[in-house]
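Colleague: Build the 3D model from these lines:
(chains A, B, C, D, E and F)
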There are 6 protein chains.
Amino acid sequence: MENRICVYPGSFDPVTHGHLDIIGRVSRLFPEIRVAVLDNPDKEKVFTVDERMAMLKKACAHLPNIKIDSYSGLLVDYMRSIDAGFVVRGLRSASDFEAEFQMAQMNSQLSETMESLFLMTSPQYAYISSGIVRQIASFGGDISAFVPACILQEVNKRFRSK
Amino acid sequence: MENRICVYPGSFDPVTHGHLDIIGRVSRLFPEIRVAVLDNPDKEKVFTVDERMAMLKKACAHLPNIKIDSYSGLLVDYMRSIDAGFVVRGLRSASDFEAEFQMAQMNSQLSETMESLFLMTSPQYAYISSGIVRQIASFGGDISAFVPACILQEVNKRFRSK
Amino acid sequence: MENRICVYPGSFDPVTHGHLDIIGRVSRLFPEIRVAVLDNPDKEKVFTVDERMAMLKKACAHLPNIKIDSYSGLLVDYMRSIDAGFVVRGLRSASDFEAEFQMAQMNSQLSETMESLFLMTSPQYAYISSGIVRQIASFGGDISAFVPACILQEVNKRFRSK
Amino acid sequence: MENRICVYPGSFDPVTHGHLDIIGRVSRLFPEIRVAVLDNPDKEKVFTVDERMAMLKKACAHLPNIKIDSYSGLLVDYMRSIDAGFVVRGLRSASDFEAEFQMAQMNSQLSETMESLFLMTSPQYAYISSGIVRQIASFGGDISAFVPACILQEVNKRFRSK
Amino acid sequence: MENRICVYPGSFDPVTHGHLDIIGRVSRLFPEIRVAVLDNPDKEKVFTVDERMAMLKKACAHLPNIKIDSYSGLLVDYMRSIDAGFVVRGLRSASDFEAEFQMAQMNSQLSETMESLFLMTSPQYAYISSGIVRQIASFGGDISAFVPACILQEVNKRFRSK
Amino acid sequence: MENRICVYPGSFDPVTHGHLDIIGRVSRLFPEIRVAVLDNPDKEKVFTVDERMAMLKKACAHLPNIKIDSYSGLLVDYMRSIDAGFVVRGLRSASDFEAEFQMAQMNSQLSETMESLFLMTSPQYAYISSGIVRQIASFGGDISAFVPACILQEVNKRFRSK
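Modeller: Now for the predicted structure:
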């Protein structure tokens, strides 16, 4: 078998139960999963890269083969730098499919050895997104059904102080 | 790591370059891939299960970790019988996504330990289906762009003798 | 307010938790719901119209404003005959949307006074269909997660005797 | 029957024939419809909340059971505050469906007693959006086919003075 | 300019206002349009090829550059036989798109010189299909909104005599 | 035949192999194609209108019936000003379809004599967009598979100097 590091890239602003569903399931498939926070200075985020990584570490503490990392620039360059052969993404809907199809074809053009895998998000999480969590939290709504308990206080605090 | 047999189920009536794209790519991910021909007596096929398995064996001869098999009944029961933990399917389009989403959720309900993985079909094969191959071949059209060379003669012969 | 009978039409071969999700929710909106089994002699069914109506009656016994009925021919003609002004349908996916959009526009052309309403199926039921239930049951699989307990034995018996 | 106030929320910047199609049809179903203008200070609008409410009042003057209102924050909180049990939205396309499916599931998670209803926009209005009206008006194009006659002058005036 | 014959292929069982919308619009683009009825002996039709051609001739009598024809086998072979360089198809919905995308790519693989063009069906006809016309007519419903007046009697007669 | 100028409008920031696929194919259908760069002062672009036109001229130099132009305001007004009867657009995916369907219906409402044509982008280019090219180039990735060779240096230079 070839290089068996798999990357799960994303913004994770903040991590949700939907992300954790994918992480938990893909962790059974590879010896090492790198959850990689995209550090994109052009897009304003609620949480810093360090904060997002710290929340992911808490939420994934029970999974021994998960490492939390960050990257900037092209995903294919990051993957080459850590010698990772696989990337995994969750699919929630037909419109997710179209966006991910485009990304997968582009990445496959940029790196012949990179393989993109997809898992279908479990139905009870298929409507959750970080954007929806931020929207609800910003109006003081209850987000406990959407994010892991260990980060709930931190997320609420950030939005209440705004 | 857990049980690492991955099943690639389908009708393969006949196998196409689209199927082989998925098989070749997933073969890098698991120590053993079972390509499993569905034996469904309710649906009339052009080729028998044995013929479809023989064509797959020819087309996959260069891949050492691919085994060709057949099954009838529910996929989850077949997977339990060979102790396989993963199933892989190709996604070609948003409508493929919706059908596969439904199947994956149903299978996940029927077997908690079964995980469904998806690969995006490479763009040059994304419009190919066994149905289109049968349609073209039945009118004497040229299918050499759609099926592997090693089975071309056999497929053409079947349709010309009809 | 106008005529407040709402029709929920379908094949119900057999009724599933997905159907009951829609029935229970729409029963809060109208004084009378008619669940109407389509009697289509051109399509072979596993259960007769009478059997499907009997299963629906059992499954809806706790909802006082639900009546079980059957119809043949055009939905708009049936609705005129019982003086119903509304029809309700569940939406599970984008492909459901497209088929229902076409039906709703056609019905609106055939009857100006008929209004079509849609509910989104709850996510835990969005992958369930009668066809999937029949497929699983026909191979002896466990359908208890998909159909109401009160009809489980009857459905299993039918498929096992086949 | 339960509480029968139904909310039709949106930006209405400005109201179009597409919105009025939904309002007119849903007004036959509930004793009271609240058309609720979302007051979102984060998104810049062409018309103020007061202007949008005034245009809606003009356009809905012929419908006695329509009240025009505004809200900020979460829709579920607004609905609780007026004791409304139902929300209605129009569906124009499969991509509308996916966005609304996500919203409906989220709202259903935030409030168990809130029910989301959907109507298919009539085909002659299915391509109209407030965004398209603003785009055409900003270039001096003719928007009379897209907005009600009673607000036409006001919309044109705003864009011409820009 | 190259060969300017354009083919509009289909089953036309029977021709609808949706088909005539496409025919009328594409007739402005090419000196000669061939409306080509697919003669597929494997699929049972309500009207014979000759009957479908006769109805098309009546419905297109006002358009001088339309010729009615039939073909069997592969579309690319028919197009070569009449030296046609273009094929036109109507798109009504996202699911139409996916099926037509697959066909266009396949035809482009089979014939490098064949070009596929698409028109969006006008919204008032976007929900009409020959299948819906047959379904309504078979139950004695009013199809006058869906098919041209000149063939209405013939279609109704066929279904009433069944 | 009527006026036979066809417009291919877009942002072309920068032109890609996907655009050139459409331009090359539609050039066989009309005596004159106007590739028209949208000059939209509200949206920030990487290249100026003049730069985008110059790149298009280089990339289309081998096609004698292609003229490069620019326009601002409504497409229908531009088309009237040059007496063009047709507009062409490429379709890459089901979500492209929905956006283009809306635009085509709106344009058809604004100008009865304007006809919108669509070509399916060839599969090997269907995942390419100017946005993806900009994203890759901005991180120093290799864009030679996505843009024509004659503009490669200019695009890379712009992003490297940023």
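Colleague: now the longest helix seen in chain A, how far from the centre of its chain.
Modeller: Assignment by DSSP state H gives helix A:94-110 as the longest helix of chain A. From the chain centre to the centre of helix A:94-110 is a distance of 16 Å (Cα atoms, centre = their mean, to the nearest Å).
Colleague: For that helix, which outside residues touch it?
Modeller: For helix A:94-110, the external contacting residues (Cβ atoms under 8 Å, 6 or more residues apart in numbering or on different chains) are A:74-76, A:87, A:89-91, A:114, A:116, A:118, B:91, B:94-95, B:97-98, B:120, B:122-123, C:93-94, D:94-95, D:98, F:93-95, F:126-129, F:132, F:136, F:141-142, F:145-146. All C-beta atoms are positioned from the backbone trio N, CA, C, and that covers glycine.
Colleague: PyMOL command to pick out the buried ones of the residues you listed?
Modeller: The following PyMOL line selects those of these that are buried, judged by 16 or more other Cβ atoms under 10 Å in any protein chain shown:
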select buried, (chain A and resi 74+75+76+87+89+90+91+114+116+118) or (chain B and resi 91+94+95+97+98+120+122+123) or (chain C and resi 93+94) or (chain D and resi 94+95+98) or (chain F and resi 93+94+95+126+127+128+129+132+136+141+146)
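Colleague: near chain C, which residues of chain A?
Modeller: By Cβ under 8 Å from any Cβ of the partner chain, the residues of chain A that approach chain C are A:Ser93, A:Ala94, A:Pro123, A:Gln124, A:Ala126, A:Tyr127.
Colleague: Please identify which two of the residues you listed are farthest apart in space.
Modeller: Farthest pair in the residues of chain A next to chain C (Cβ to Cβ) is A:Ala94 and A:Gln124. Separation: 18.6 Å.
Colleague: Wait, A:Gly18 touches A:Gln124, no?
Modeller: No: using Cβ atoms under 8 Å, A:Gly18 is not in contact with A:Gln124; the gap is 9.4 Å.
Colleague: Of the two, give the one with the bigger neighbour count.
Modeller: A:Gly18 (23 against 16; other Cβ atoms under 10 Å in any protein chain shown).
Colleague: any residue of stretch A:14-23 up close to chain B?
Modeller: No: judged by Cβ under 8 Å from any Cβ, stretch A:14-23 stays clear of chain B, getting no closer than 11.0 Å.
Colleague: helix or strand for whichever residue of chain A sits closest to chain D, which one?
Modeller: Proximity of chain A to chain D (Cβ to the nearest Cβ) peaks at A:Tyr127, 3.7 Å away. A:Tyr127 belongs to no helix or strand when assigned by DSSP states H and E.
Colleague: Now do the same contact list for A:Thr16.
Modeller: A:Tyr125, A:Ile128, A:Ser129, A:Ser130, A:Val133, A:Phe146, A:Val147.
Colleague: again, but for A:Leu63
Modeller: Counted by Cβ under 8 Å, 6+ apart, A:Leu63 has contacts A:Ile23, A:Gly24, A:Ser27, A:Ile33.
Colleague: returning to that earlier point: pretty sure the residue of chain A closest to chain D sits against C:Pro123.
Modeller: Yes: at 6.4 Å, A:Tyr127 and C:Pro123 qualify as touching, with contact defined as Cβ under 8 Å.
Colleague: how close does A:Ala36 get to chain F?
Modeller: 15 Å (Cβ to the nearest Cβ, to the nearest Å).
Colleague: how about the helices in chain A?
Modeller: Using DSSP H, helices in chain A cover A:17-26, A:49-59, A:75-82, A:94-110, A:130-138, A:149-160.
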